[in-house]
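Undergrad: sequence plus predicted model, see below.
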Amino acid sequence: MAELSLKEIVARLEAQIAFHQKKEAFHAEQEAAHQERRAAHAAELETLTRNLEALQSAATTAVELASRPAAAALRAPEPFQDLGRRLTLPRMVERLVAEKPPGEPFGTAEITGAINQRFPQALRRPVQPRLVSITLRRMMEAGKLQGVREGRPHHEALYARGGAQ
């Protein structure tokens, strides 16, 4: 091993000290930055966790409420029982209109969609809105419905049952 002079030994030790001082300062800066980031992430994590727990609790409650027997009865209307009478379009319209609350406005499109959905077994093909419109107009003329709004080219006529507006 070569012998080093005292001057060389001191110079090497000072160089190593300077190197390690720079590295310590660098890592101290990094540690401070990481602590700030860690604190920010910890706060965000707490907020998200709290909100997720609240959402899961609300979802559980909503599922329980939706699973009640009353909700199941409202979801699926019972199929129409004809009891021997021929199911005609005016009878279908009258049945759906009778289910509407008094004073609630409705239009041809709503009734047409409901007929096509509720009575597909009684229809050869989907009912046309024009035929439903004629039926609703005739019911209004007979005094069974009240006109809420007269139809226009781009706005359907609106009707209401009973003591309407």
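TA: Now that the structure is in, tell me what you want to look at. Numbers count the residues shown, from 1 in each chain.

Undergrad: hey, what's R149 bridged with?
TA: L158 (DSSP bridges).

Undergrad: quick one: pLDDT of it?
TA: Model confidence at R149, given as pLDDT, is 91.

Undergrad: quick check: it touching P105?
TA: Yes - R149 is within contact range of P105, at 7.4 Å (criterion: CB atoms under 8 Å). All C-beta atoms are positioned from the backbone trio N, CA, C, and that covers glycine.

Undergrad: shared neighbours of the two, anything?
TA: L158 (CB atoms under 8 Å, 6 or more residues apart in numbering).

Undergrad: looking at those two, which is more packed in?
TA: In terms of neighbours (other CB atoms under 10 Å), P105 is the more surrounded of R149 and P105; the figures are 17 against 13.

Undergrad: quick check: mean pLDDT of the biggest helix by length in the chain?
TA: As assigned by DSSP state H, the longest helix anywhere in the chain is helix 6-66. Helix 6-66 carries an average pLDDT of 92.

Undergrad: A18: neighbour count?
TA: A18 has 10 nearby residues by other CB under 10 Å.

Undergrad: could you measure from it over to A54?
TA: Distance, A18 to A54, by CB to CB, to the nearest Å: 55 Å.

Undergrad: again with H34
TA: H34 sits 30 Å away from A54, going by CB to CB.

Undergrad: surely A157 is in contact with E150?
TA: Yes - under the criterion of CB under 8 Å, A157 makes contact with E150 at 5.9 Å.

Undergrad: so for the two, which sits in the more crowded spot?
TA: Taking neighbours as other CB under 10 Å, A157 and E150 compare with A157 leading, 17 against 8.

Undergrad: give the closest residue to the more buried one in space, chain neighbours not counted.
TA: G151 (3.4 Å; CB to CB, 6 or more residues apart in numbering).

Undergrad: need the phi and psi values for the one you found.
TA: phi -70, psi 150 (degrees, to the nearest 10).

Undergrad: so it touches Y159, yeah?
TA: No - counting by CB under 8 Å, G151 sits too far from Y159 to count as a contact (10.1 Å).

Undergrad: neighbour-wise, which of the two wins?
TA: Y159 (26 against 14).

Undergrad: residues in contact with the more buried one?
TA: V97, P105, F106, G107, L136, M139, M140, L145, Q146, G147, V148.

Undergrad: ok, now Q56?
TA: Contacts of Q56 (CB under 8 Å, 6+ apart): none.

Undergrad: against H41, how distant is it?
TA: Distance from Q56 to H41, by CB to CB: 22 Å.
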